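Enquirer: I'll drop the sequence and a predicted model, then ask my questions.
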Amino acid sequence: MKKLKRFALAFAALALAAAALFCPAASAANLDEIEKYFITVRLQPDGSAEIDYDIHWKVLDSTSAGPLEWVKVGVPNQNIEPLSHSGTIAGIYPWSEGGSYVRLDLDRRYYAGETVRLEFTLRVTHLYELYDDGSVNFAFTPGWFDEAETKQLTFT
């Protein structure tokens, strides 16, 4: 039980530190913004995690780069299994170019002023490391958006 408490405390500390990365300065050149970003992590008995993502993605400019047809979202690592997704997502695929991501192909094109709600759940493994002294290090960095301001982030 003591190891689990240490594990949970380390996880919470890492989550709070990662949350500080989510609020980049607003830029006039942003094509999109994240109105709301909810991440819920449920640790499983086998050490994996089921992670729910709920992203409210608003299109600000659909003329500079065209309408929004797909997005990439950072995930903890490439050891993922998509479990479910909302109807606004036509497909979900691992994307490893430049890091660990999933590509979400959308159900249609979204234009300036529209908000698309992206909900999906992943099973993720290889999130922790066991040490000889019995301690555990849990590593999880939520995805962030370099070119879109995040207005609200909730991590549970």
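Expert: Sure thing, it's come through.

Enquirer: so which residues of the protein form strands?
Expert: 32-43, 49-59, 68-74, 80-85, 89-95, 101-110, 115-124, 128-130, 136-138, 148-150, 153-155 (DSSP state E).

Enquirer: strand 89-95 and the third one, what's the angle between them?
Expert: Looking back up the chat, that one is strand 68-74. 40 degrees (axes from the mean of the first three to the mean of the last three Cα atoms, to 10 degrees).

Enquirer: redo the strands of the chain as a markdown table? Include mean neighbour count and mean pLDDT.
Expert: Where C-beta positions appear, they are placed from N, C-alpha and C, glycine not excepted. Below are the strands of the chain laid out as a markdown table (neighbours: other Cβ atoms under 10 Å; pLDDT from 0 to 100):
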| stretch | mean neighbour count | mean pLDDT |
| --- | --- | --- |
| strand 32-43 | 18 | 95 |
| strand 49-59 | 19 | 97 |
| strand 68-74 | 17 | 95 |
| strand 80-85 | 15 | 96 |
| strand 89-95 | 16 | 94 |
| strand 101-110 | 17 | 96 |
| strand 115-124 | 18 | 97 |
| strand 128-130 | 13 | 85 |
| strand 136-138 | 17 | 83 |
| strand 148-150 | 19 | 91 |
| strand 153-155 | 15 | 92 |
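
Enquirer: pairing-wise in the sheet, spell out the partners of residue 103.
Expert: residue 72, residue 93 (DSSP bridges).
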